[in-house]
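Novice: no sequence for this one, just the structure:
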Ligand code: SAM
């Protein structure tokens, strides 16, 4: 057995084989097990606990504060879904801000778009980015060194509060919020109001929105309501990420552009020059991403929570 999900019963698990296991707990009663082939790095930065391990099932995996961030096996699904819907929806994105995004794979996907002139990436944790640069070459493929990329190491909230710059697209690729973690106050209404001021007219914000399944959607509903307070249009979308053992979500927000107005023909036409480079996203995928099942739509419609600085949201 190389990867498995177990429900813990009365806190007792018996596994009788020779593997070392990394366990990611979804909550105090359920978790996901990954058989570890090799430890690459383990240590603490000023902001978070970092693990890089080679797993049997998903290849190399980056883990921050006990949560899988991405895996060699399927990171392209996450990063293509994160980047390309907004980049396809905007008629001419030239200046992009990437918030977080430590692995460099978001940069890699942005750089595929020839009209992009400048990408500013703001990650709080220089050590994480350096570790990714060293150990996750397959993810970033040299993107950190592209002349169009400007790397800043600071809290992205502080950056947005202080900068006068304007961006056509802002992508938020942050770790999930937790009370002790560095992204806690970057999921609030006040944060998105600040981000919106830094968008050009018709600009688009995309946010990684956490899990979106019956048993795992602590962030998504409230985040969607919060973005709905700040932008005229906000659309949830989602896809399955095998190494997260979950349906994962994103939200696109804008005052002008609606991703539901893009049909598959338009997406394929706009992406023509990139079609051979992408493994996940195309017109048909786009239409599927934005469809939500009935039970999830009902849960979202019943959720009235809004996240603000006085009442931040946190995952387990
Ligand atoms: N794929 C991811 C997931 O599943 O949640 C997120 C990817 S990326 C590794 C998250 C990055 O956000 C990390 O490199 C972390 O250092 C960065 N980050 C967290 N809090 C931040 C903050 N306040 N400002 C800027 N970057 C931050």
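Specialist: Perfect, thanks for sending it. Treat the numbers as computed from the prediction; the structure is a model and nothing was measured.
Novice: secondary structure of residue 168: a helix, I assume?
Specialist: No. Remark: residue 168 does not belong to a helix; assigned using DSSP: H, G, I helix; E, B strand; the rest coil, it is strand.
Novice: so what's the closest residue to it other than its chain neighbours up against?
Specialist: Counting by C-beta to C-beta, 6 or more residues apart in numbering, the nearest residue to residue 168 once its immediate chain neighbours are dropped is residue 93, at 4.2 Å. Bear in mind the C-beta positions are built from the backbone N, C-alpha and C, glycine included. Taking C-beta atoms under 8 Å, 6 or more residues apart in numbering, we find residue 93 in contact with 86-87, 113, 115-116, 168-169, 204.
Novice: shouldn't residue 93 be within a strand?
Specialist: No. Counting by three-state DSSP, residue 93 is not part of a strand but coil.
Novice: gap between it and the ligand?
Specialist: 21 Å (C-beta to the nearest ligand atom, to the nearest Å).
Novice: next: residue 227.
Specialist: For residue 227 relative to the ligand (C-beta to the nearest ligand atom), the value is 17 Å.
Novice: could you do residue 108 as well?
Specialist: 13 Å.
Novice: what number of residues lie near the closest residue to residue 194 other than its chain neighbours?
Specialist: Excluding the flanking residues, the one nearest residue 194 by C-beta to C-beta, 6+ apart is residue 160, at 4.9 Å. By the criterion of other C-beta atoms under 10 Å, residue 160 has 23 neighbours.
Novice: just the element for residue 160, please.
Specialist: Secondary structure assignment for residue 160, by DSSP states H and E: helix 156-162.
Novice: identify the residues contacting that helix?
Specialist: Under the contact criterion C-beta under 8 Å, 6+ apart, helix 156-162 has outside partners 99-100, 122-124, 152, 172, 174, 185-186, 191, 194-195, 198.
Novice: what about 10 Å?
Specialist: Residues outside helix 156-162 that contact it (C-beta atoms under 10 Å, 6 or more residues apart in numbering): 97-101, 120-124, 152-155, 165, 167, 170, 172, 174, 182-186, 188, 190-198.
Novice: filter these down to the ones in helices?
Specialist: 190-197 (DSSP state H).
Novice: from those residues, which is closest to the ligand?
Specialist: Nearest to the ligand among the ones in helices among the contacts of helix 156-162 is residue 191, at 9.5 Å by C-beta to the nearest ligand atom.
Novice: who touches residue 105 in this structure?
Specialist: The contact partners of residue 105, by C-beta under 10 Å, 6+ apart, come to 62, 69-70, 75-76, 78-80, 82-83, 132, 136, 138-141, 143, 173.
Novice: now with 6 Å, please.
Specialist: 75, 79, 139 (C-beta atoms under 6 Å, 6 or more residues apart in numbering).
Novice: check which residues of stretch 83-99 are buried.
Specialist: Buried residues in stretch 83-99, counting neighbours by 16 or more other C-beta atoms under 10 Å, are found at 83-90, 93, 95-99.
Novice: which element follows the helix or strand bottoming out on mean pLDDT in the chain toward the C-terminus?
Specialist: The helix or strand of the chain with the poorest confidence is strand 3-7; it has a mean of 51 (mean pLDDT, DSSP states H and E). Next along the chain after strand 3-7, taking DSSP H and E as the criterion, comes strand 20-25.
Novice: what does that following strand rub up against?
Specialist: Strand 20-25 has contacts (C-beta under 6 Å, 6+ apart) with 31-34, 36, 68.
Novice: between those, which is closest to the ligand?
Specialist: For the contacts of strand 20-25, the nearest to the ligand is residue 68 (7.1 Å; C-beta to the nearest ligand atom).
Novice: return the residues of the stretch 101-250 of the chain in contact with the ligand.
Specialist: 101-103, 122-125, 128, 155-157, 173-176, 182-183, 186, 208 (C-beta under 6 Å from any ligand atom).
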